[in-house]
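Engineer: Structural data only, the sequence is not supplied:
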């Protein structure tokens with residue numbers, strides 16, 4: 001059985017994440033559509049960053 005790569009494991013974590021619960025103070029004064037749009041953009045950015053970090057770690061590990 002093939003061991004999953006670091007990027008595969010990160011992708012799996014992102015896919016398996018649970019949706020955040022509502023009622024956050026951060027959302028209490030922001031119109032819901034705007035809050036959802038902002039949170040979705042933040043999540044997408046974080047996913048991209050984690051993937052980039054995983055790729056860098058993979059490159060570093062292959063050099064050793």
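Structural biologist: Received the coordinates, thanks. Only a predicted model underlies this, so the values are computations on that prediction, with no experimental measurement involved.
Engineer: any chance you could map the helices in the chain?
Structural biologist: Assigned by DSSP state H, the helices in the chain fall at 6-16, 32-63.
Engineer: Name the nearest residue to residue 4, ignoring sequence neighbours.
Structural biologist: Spatially, and ignoring its direct neighbours in sequence, residue 4 is nearest to residue 12 (7.3 Å; Cβ to Cβ, 6 or more residues apart in numbering). C-beta here means a position set from N, CA and C on the backbone, and glycine is covered the same way.
Engineer: Ok, residue 57 next?
Structural biologist: With Cβ to Cβ, 6+ apart, the residue lying closest to residue 57 is residue 6, at 5.7 Å.
Engineer: Check the spacing between that neighbour and residue 58 real quick.
Structural biologist: Distance of residue 6 to residue 58, computed by Cβ to Cβ, to the nearest Å: 5 Å.
Engineer: repeat for residue 47
Structural biologist: Residue 47 is 16 Å from residue 58, by Cβ to Cβ.
Engineer: and what of residue 41?
Structural biologist: 26 Å.
Engineer: more neighbours, those two?
Structural biologist: residue 58 (13 against 10; other Cβ atoms under 10 Å).
Engineer: What residues does that one make contact with?
Structural biologist: 5, 6, 7 (Cβ atoms under 8 Å, 6 or more residues apart in numbering).
Engineer: What subset of those residues is buried?
Structural biologist: residue 7 (16 or more other Cβ atoms under 10 Å).
Engineer: Now do the residue nearest the centre of the chain, the pLDDT please.
Structural biologist: Centroid-nearest residue in the chain, with Cα atoms, centre = their mean: residue 47, separated by 3.2 Å. If you check residue 47, the pLDDT there is 87.
Engineer: Sweet, I'm off.
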